[in-house]
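In: When you get a sec, could you give me coordinates for this:
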Amino acid sequence: AMGCRSTKQMPQVASPAPSTAQAPLPAPATVCTTGPDTAPPPSLRPSMLVSNAPPPVQPPAQPPAQPPAKPPAQPPAPPPVQPAPARPAPRPFMAPNFFAQPTPRQPSNSGANVEFAKAQIGLLVRRGPDWKWGDQDDYLDGEVVEKVEDGLLKVKWHNQKEQTYRAGADNAYDLVIADPKHRGQRHDPLNHDFFLEAFCKAVEKDGGQMTKAEAAKLFRKDHGKDFRKWTEKLPERRGGVLYKPPVGWRRFALDVQGKYDDGKDLWMGMSGKPGEWAVAYHGTGFGTVPKILKDGFVVGKGQGAIHSIDTRTGRNVGSGVFVTPNLAVGECYANGGEDGASENSEAAVVIGNYTFYFAFQCRVRPRAIRRPSRHFAFCNDEEVMGVDGVFEWVVNDPKDLRPYGVLVRIKESFKHKPLGQLIGRQNWHKHHKPAESPEYR
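Out: Now for the predicted structure:
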């Protein structure tokens with residue numbers, strides 16, 4: 001289709017200066033053209049041309065250049081994570097209702113007998129002067145948990161055992177008040193320091209004087225041994241002779257290394273080599289222990305086997321020092337006072353709330369052992385009767401007997417059979433028969 005254009009041509013004039021009011025332009029004459037060669041009137045401005053064609057597409061206006069956008073601000077770094085505080089170590093497990101409740105204020109008279117009327121639930125206690133219940137407490141303290149009846153209290157020990165004890169019943173006191181500062185600690189009186197103190201007191205009792213430092217030089221703490229937790233063992237041999245370890249006792253070793261035979265310690269051997277000596281025990285009162293360590297063994301006045309016949313050789317036994325491989329017999333002489341014929345028949349020593357038995361562990365020259373036949377113990381040959389069936393041996397020369405340890409036992413920790421119960425009314429023959437077990441062959 002053809003469009004209409006102006007017949008006049010617009011002169012090229014400079015654009016007038018802008019003004020606030022401007023005269024309107026005359027309306028141009030228009031002619032219709034029928035071809036492309038028809039020119040528009042020169043009086044018309046190009047801006048006034050009207051065309052049916054769509055206006056040229058103008059590119060979109062570009063927005064003014066913007067400065068590059070700043071990256072968004074990063075959020076502040078979180079503070080460093082502090083490690084969680086260490087959790088306290090867990091408290092040791094305690095049996096329900098044992099220490100869950102606060103215990104009452106502990107009386108200050110620690111060591112006093114626990115009386116039924118004054119005892120309170122929760123009172124801290126330990127074994128007392130009339131204790132005869134073995135190792136039920138395991139030498140620990142415990143708490144009163146119940147008043148059973150008049151004179152009887154139920155106690156729960158730290159080893160979780162629970163039992164009823166006398167607190168005035170039968171005029172006996174099994175318990176004393178424990179020191180709360182030592183709660184949970186083992187009240188074992190058989191420690192090395194206690195033994196040294198007791199040894200010094202025994203020296204003073206005999207009129208002498210000795211300090212703990214001086215006493216410590218007589219013993220070897222590193223060679224001591226505790227046999228209290230041992231179970232019964234089969235017999236062993238030392239120097240070819242049967243013996244049993246001192247089960248139930250604690251040994252405080254003497255410093256005898258290099259003391260005999262020009263420093264040769266073959267006599268202390270444990271492998272059966274030539275020169276090894278046998279093991280025997282000698283029970284005695286505690287006051288005699290320092291004397292024997294100072295002067296050695298001596299032949300005493302009581303010589304009941306002097307005219308007896310040796311069960312092996314058939315010869316006369318003669319006088320000498322009594323020893324035994326059987327500690328059940330040694331206890332009777334360690335107790336003191338049971339052997340009326342002995343000049344050393346002192347009563348057993350009592351320290352604090354404990355009664356102590358003492359005995360020497362010795363080595364004896366095997367060929368020096370005499371095995372007497374007594375009217376209450378016909379045969380004292382360990383190969384025939386076994387170790388438990390031997391009552392005594394005799395060693396004629398004290399030089400053939402060497403102590404190497406002091407044994408100590410608490411009377412209340414075991415059942416002791418007095419001497420009269422062992423040999424009275426032919427009891428020894430009734431309860432000791434020839435051994436038939438292979439270990440005695």
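
In: Could you measure from the nearest residue to residue 236 once chain neighbours are set aside over to residue 266?
Out: In this structure, residue 236 finds its nearest non-sequential neighbour in residue 243, 6.2 Å apart by C-beta to C-beta, 6 or more residues apart in numbering. All C-beta atoms are positioned from the backbone trio N, CA, C, and that covers glycine. Per C-beta to C-beta, to the nearest Å, residue 243 is found 18 Å from residue 266.

In: who's more crowded, these two?
Out: residue 243 (22 against 12; other C-beta atoms under 10 Å).

In: give the contact list for the more buried one.
Out: By C-beta atoms under 8 Å, 6 or more residues apart in numbering, the contact set of residue 243 is 235, 236, 237, 278, 279, 280, 325, 387.

In: Repeat the analysis, applying 7 Å as the threshold.
Out: Contact analysis of residue 243 by C-beta atoms under 7 Å, 6 or more residues apart in numbering lists 235, 236, 278, 279, 325, 387.

In: So the fifth one versus residue 189, what's the distance?
Out: Distance, residue 325 to residue 189, using C-beta to C-beta: 27 Å.

In: more crowded one of these two?
Out: More neighbours surround residue 325 than the other of residue 325 and residue 189, with 28 against 15 (other C-beta under 10 Å).

In: Would you confirm that that one contacts residue 382?
Out: Yes. Using C-beta atoms under 7 Å, residue 325 makes contact with residue 382 at a distance of 5.9 Å.

In: what is in contact with the two at once?
Out: 242, 390.

In: okay but residue 359 is in contact with residue 330, surely?
Out: Yes. The pair residue 359 and residue 330 qualifies as a contact (C-beta under 7 Å) at a distance of 4.7 Å.

In: list residues touching both of these two?
Out: With C-beta under 7 Å, 6+ apart as the test, residue 359 and residue 330 both reach 281, 282, 283.

In: Next, check those residues against the helices and list the overlap.
Out: Judged by DSSP state H, helices contain none of the shared contacts of residue 359 and residue 330.

In: Select only the buried ones of the residues you listed in ChimeraX?
Out: Restricted to buried positions by 16 or more other C-beta atoms under 10 Å, the ChimeraX selection for the shared contacts of residue 359 and residue 330 reads:
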select :281,282,283
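
In: okay if I get the shared contacts of residue 359 and residue 330 as TSV plus distance to residue 121?
Out: Formatted as TSV, those follow (distance: C-beta to C-beta, whole Å):
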residue	distance to residue 121
281	46
282	48
283	43
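
In: now, among the shared contacts of residue 359 and residue 330, which is nearest to residue 296?
Out: If you rank the shared contacts of residue 359 and residue 330 by distance to residue 296 using C-beta to C-beta, residue 282 comes first, at 11.8 Å.

In: what about the closest one, distance to residue 418?
Out: 18 Å.

In: just residue 164 next, same as before
Out: 27 Å.

In: Dihedrals phi and psi, residue 201?
Out: The phi/psi pair for residue 201 (degrees, to the nearest 10) reads phi -70, psi -40.

In: Show me what residue 362 bridges to in the sheet.
Out: Counting by DSSP bridges, residue 362 is bridged to residue 280, residue 403.

In: Read off the pLDDT value for it.
Out: For residue 362, the pLDDT comes out at 96.

In: list the contacts for it?
Out: By C-beta under 7 Å, 6+ apart, residue 362 lies in contact with 280, 281, 282, 323, 401, 402, 403, 404.

In: Residue 220 too?
Out: Neighbour list for residue 220: 253, 255 [criterion: C-beta under 7 Å, 6+ apart].

In: what helix or strand is it on?
Out: strand 219-226 (DSSP states H and E).

In: how about the CA coordinates for that strand, as CSV?
Out: Only the C-alpha atoms of strand 219-226 are listed here, as CSV (Å, rounded to 0.1, in the frame of the first residue of the first chain):
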residue,chain,number,x,y,z
PHE,A,219,64.7,-58.0,109.1
ARG,A,220,64.3,-58.0,105.3
LYS,A,221,61.0,-56.3,104.4
ASP,A,222,61.4,-57.4,100.8
HIS,A,223,61.8,-61.1,101.7
GLY,A,224,58.7,-61.2,103.9
LYS,A,225,55.6,-63.1,102.8
ASP,A,226,51.9,-63.2,103.7
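
In: what's the average pLDDT for it?
Out: So the average pLDDT for strand 219-226 ends up being 90.

In: Parallel or antiparallel, list what pairs with that strand.
Out: Strand 219-226 has its sheet partners listed here by DSSP bridges as strand 250-254 (antiparallel).
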